[in-house]
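Participant: let's see this in three dimensions:
(one chain, ligands or ions: 1)
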Amino acid sequence: MFELQKTDGSARRGTLRLRHGVVETPTFMPVGTAGTVKGLTPDEVRSAHSQIILANTYHLWLRPGLDLLVEAGGLHEFMQWHGPILTDSGGFQVFSLESRRKLDDDGVTFASHLDGSRHRFTPENVLAFQEAIGVDVAMQLDVCVKLPSTPETVEQSVRLSAEWAKRSAAARTRPEDTALFAIMQGGLDEGARERSAHAIIELDLPGYAIGGLSVGETREEMYRLARFSASLLPENKPRYLMGVGTVRDIVMAVECGIDMFDCVYPTRCGRNGRAMTRRGEFAIRNAAYVRDFTPIDPECDCAICTTYTRSYLAHLFRAGEMLGPRLLSYHNVYVLNSLMREARTAIEAGAWAQFRDSVLGEALA
Ligand SMILES: [Zn+2]
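Facilitator: Sure, this is the predicted structure:
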């Protein structure tokens, strides 16, 4: 399913074959939490060169719910995105609920943030949900911890996440359609990361994610742990770093040997008027852009940058027009996808280090 084609230093160039299509890695996955990449139609997501999108089990479970999604013919049919979809297990969302959830060894019970209704996630029912809605990649239910955490809490997260990975693997009913990825935990503790990696690698699953990073630690700690965690994972399986989505962080993560990333960042920035470019980010509403008739990013060849001016975008945002967030979200997603495409070409050519340094030299944000 995953073929590692070339490495250049620690950077990797691979191909991931999924039921709904082929994903060239390294790749960025835009987030469509509730079955929509916010503000963009599936055609736009595709034309911005996205190969795979992410959706979220927690949110889809609560609304519109399993029955409706099955009745609609699955998530692909419901939202009319026909490329690969990866669903997050919802562990991260449930554990963010804090006082509204209760963890035991078998699963986690929680109150919906929408209406307070009570629900229960187990490794088995979360996997069954993802298989039933027909996604290409399912993430195991894991136990997430906030940083900083006590060693006991980190250890519990490592132990339960590994047990739940094993239970998820045993519960699979259609492994040829939906690939199960396990999630490594361990906080900032290298020993705990090693124990976690050891336990999940034994299961020989189609892919592995590095969880519990990008949750408030410093960038240096994140890079250190991402590099260390990636080094523990098998060469021949895709590696997914959850929650990473700025130009600089993605380049650093590729440098650490990661293949897949996701983040709400580009679309959230798009809605908030924050333009992403290789050379840094800026707020399009600023007075400086009101009479700036150049493109958002003169080096970007996306449909927005080749058509509209900063002045027009600044006007849309200042006037509260909904087209502004749509156009800027498109551009931001496009920027990350082109970054990944050029990264793949650089790795293929054995020119990763030059590419990395040229981007990091310019990425001020
Ligand atoms: Zn653009």
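Participant: what sits against whichever residue of the stretch 151-300 of the chain sits closest to the ion?
Facilitator: The stretch 151-300 of the chain approaches the ion most closely through residue 300 (3.2 Å), counting by CB to the ion. Every residue, glycine included, has its C-beta placed from N, CA and C. Going by CB atoms under 8 Å, 6 or more residues apart in numbering, residue 300 touches 277, 331, 334, 335, 338.
Participant: check residue 31 too.
Facilitator: 37, 53, 54, 55, 56, 262, 263, 264, 267.
Participant: how near is it to residue 88?
Facilitator: 9 Å (CB to CB, to the nearest Å).
Participant: what do those two both touch?
Facilitator: 54, 55, 56.
Participant: nearest to the ion, of those?
Facilitator: Nearest to the ion, judged by CB to the ion, of the shared contacts of residue 31 and residue 88 is residue 54 at 21.6 Å.
Participant: ok but that closest one is inside a strand, no?
Facilitator: Yes: assessed with DSSP: H, G, I helix; E, B strand; the rest coil, residue 54 lies in a strand.
Participant: in three-state terms, label the residue nearest to residue 211 when sequence neighbours are not counted for me.
Facilitator: Nearest residue to residue 211, sequence neighbours excluded (CB to CB, 6 or more residues apart in numbering): residue 183, at 4.2 Å. The three-state label given to residue 183 by three-state DSSP is strand.
Participant: just give me the neighbour total for residue 183.
Facilitator: Residues within reach of residue 183, counting by other CB atoms under 10 Å, total 28.
Participant: now swap in residue 321 and tell me
Facilitator: So residue 321, with other CB under 10 Å, has 13 neighbours.
Participant: likewise for residue 135?
Facilitator: 27.
Participant: for the residue lying farthest from the centre of the chain, give me its contacts.
Facilitator: Centroid-distance maximum for the chain: residue 291 at 35.8 Å, with CA atoms, centre = their mean. By CB under 8 Å, 6+ apart, residue 291 lies in contact with residue 311.
Participant: that one is in what secondary structure piece?
Facilitator: Under the criterion DSSP states H and E, no helix or strand holds residue 291.
Participant: tell me how many other residues crowd the closest residue to residue 79 other than its chain neighbours.
Facilitator: Counting by CB to CB, 6+ apart, residue 35 is the residue found nearest to residue 79 once chain neighbours are left out, at 4.6 Å. When counting by other CB under 10 Å, one arrives at 21 neighbours for residue 35.
Participant: got it, and residue 128?
Facilitator: Here the count is done by other CB under 10 Å, and residue 128 has 17 residues near it.
Participant: OK, contacts around the residue nearest to residue 44 when sequence neighbours are not counted?
Facilitator: Leaving aside its chain neighbours, residue 44 sits nearest to residue 330 (5.7 Å; criterion: CB to CB, 6+ apart). For residue 330, the contacting residues are 39, 40, 44, 48, 270, 302, 303, 304, by CB under 8 Å, 6+ apart.
Participant: then residue 211?
Facilitator: Contacts here follow CB under 8 Å, 6+ apart; on that basis residue 211 touches 91, 92, 142, 144, 161, 183, 184, 185, 242.
Participant: so which two of these are the farthest from each other?
Facilitator: 92 and 184 (13.8 Å; CB to CB).
Participant: avg pLDDT for the longest helix along the chain?
Facilitator: Ranked by residue count, the top helix of the chain under DSSP state H comes out as helix 323-348. The pLDDT scores in helix 323-348 average 98.
Participant: following element in sequence after that helix, please.
Facilitator: Heading C-terminal from helix 323-348 (DSSP H and E), you reach helix 352-362.
Participant: who touches that next one?
Facilitator: Against helix 352-362 from outside (CB under 8 Å, 6+ apart): 8-9, 11, 247-248, 251-252, 254-255, 278-280, 339, 342-343, 346.
Participant: buried ones among those residues?
Facilitator: By neighbour count, with 16 or more other CB atoms under 10 Å, the contacts of helix 352-362 hold 8, 11, 247-248, 251-252, 254-255, 278-279, 339, 343, 346 as buried.
Participant: test my guess that residue 347 contacts residue 11.
Facilitator: Yes: using CB atoms under 8 Å, residue 347 makes contact with residue 11 at a distance of 5.0 Å.
Participant: which residues do these two both contact?
Facilitator: What both residue 347 and residue 11 touch, as defined by CB under 8 Å, 6+ apart, is the set 26, 254.
Participant: show me what from this protein comes close to the ion.
Facilitator: 300, 302, 304, 305, 331 (CB under 5 Å from the ion).
Participant: can you give me the distance of residue 103 to the ion?
Facilitator: 43 Å (CB to the ion, to the nearest Å).
Participant: neighbours of that residue, how many?
Facilitator: 15.
Participant: now do residue 283
Facilitator: Count around residue 283 with other CB under 10 Å applied: 14.
Participant: try the one 3 residues further on
Facilitator: For residue 286, the count of nearby residues is 13 (other CB under 10 Å).
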